[in-house]
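A.B. asks: Sequence and predicted structure below; questions after.
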Amino acid sequence: MRTYRVGTFIGSLSSTSINRTLAKALMRAAPDDLEFTEIPIGDLPLYSPDFDDHYPPEATALKEAIGSSDAVLFVTPEYNRSIPGALKNAIDWASRPWGKNSFDHIPAAVIGASPGSIGTAVAQQSLRGVLSYCNARQMTAPEAYITYRAEVFGDDGSVADESTEEFLTDFMGEFRDHLERVLTVLPR
Ligand code: FNR
């Protein structure tokens, strides 16, 4: 059985991130042929074109991690109705230097959790616009706006609500099918 390597971006740098907890639940709910590796973003300096000829090691590692992934999954909070600066900075690094955009044709999915009722919907729209420009091949449906409740999500990735668990399982199954379809016509 072929396995697919999924690079995971957690948009939060918080040590108690609810989005990291959501990512654990997604990994647990995912089909067996997906393998996950987190792509760290917290040590990247702020991007500047001045670095384009001499990427720092953290940014080179970022691009290599995306390059060795079959697909990417973004699990992000919403900050002020957009995506966190740390995540945007990582995307900017990965998209450059000009002509070496790491996201070109990569299968991608976005999801996020917030204590609020719209569950990162606005941030995800913002992220989708950025990823469109980067030419990532996004899964458009299902969308997933998770209102986080501490009593539902365990630190070990367990989910104490049957409908939420079913939803996450369906989301990851759809993502698996999406990335396989994309890779069929755009192999990496
Ligand atoms: C927030 N939060 C927030 N929530 C939301 O639903 N919409 C928003 O626009 C914002 N804006 C925002 C800005 C900043 C700077 C912070 C620190 C927080 C609340 C946010 O959803 C909450 O802190 C989550 O716990 C963040 O996710 P992580 O970091 O726990 O994964």
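C.D. replies: Everything's here; your move.

A.B. asks: separation between Ile106 and the ligand?
C.D. replies: Here the distance between Ile106 and the ligand works out to 23 Å (C-beta to the nearest ligand atom, to the nearest Å). Heads up, the C-betas are built off the backbone N, CA and C, glycines and all.

A.B. asks: need the contact list for that residue.
C.D. replies: Contact partners of Ile106, counting by C-beta atoms under 8 Å, 6 or more residues apart in numbering, are Ile66, Ser69, Ala71, Val72, Ala136, Arg137, Arg188.

A.B. asks: let's go with 7 Å and repeat that
C.D. replies: By C-beta atoms under 7 Å, 6 or more residues apart in numbering, the contact list for Ile106 reads Ile66, Ala71, Val72, Ala136, Arg137.

A.B. asks: from these, which is closest to Val122?
C.D. replies: Ala136 (19.2 Å; C-beta to C-beta).

A.B. asks: And for that closest one, the neighbour number?
C.D. replies: 27 (other C-beta atoms under 10 Å).

A.B. asks: and the residue lying closest to Tyr148 once chain neighbours are set aside, how many neighbours?
C.D. replies: Distance criterion C-beta to C-beta, 6 or more residues apart in numbering; nearest residue to Tyr148, sequence neighbours excluded, is Ala113 at 4.2 Å. For Ala113, the neighbour count with other C-beta under 10 Å is 27.

A.B. asks: next one: Leu179
C.D. replies: 24.

A.B. asks: picking that back up, the residue nearest to Tyr148 and Arg20 touch, don't they?
C.D. replies: No: between Ala113 and Arg20 there is no contact under C-beta atoms under 7 Å: 9.7 Å.

A.B. asks: Around the ligand, pick out the residues from this protein.
C.D. replies: By the rule C-beta under 6 Å from any ligand atom, the part of the chain lying against the ligand is 12, 14, 17-19, 77-81, 114-116.

A.B. asks: Many thanks, we can stop here.
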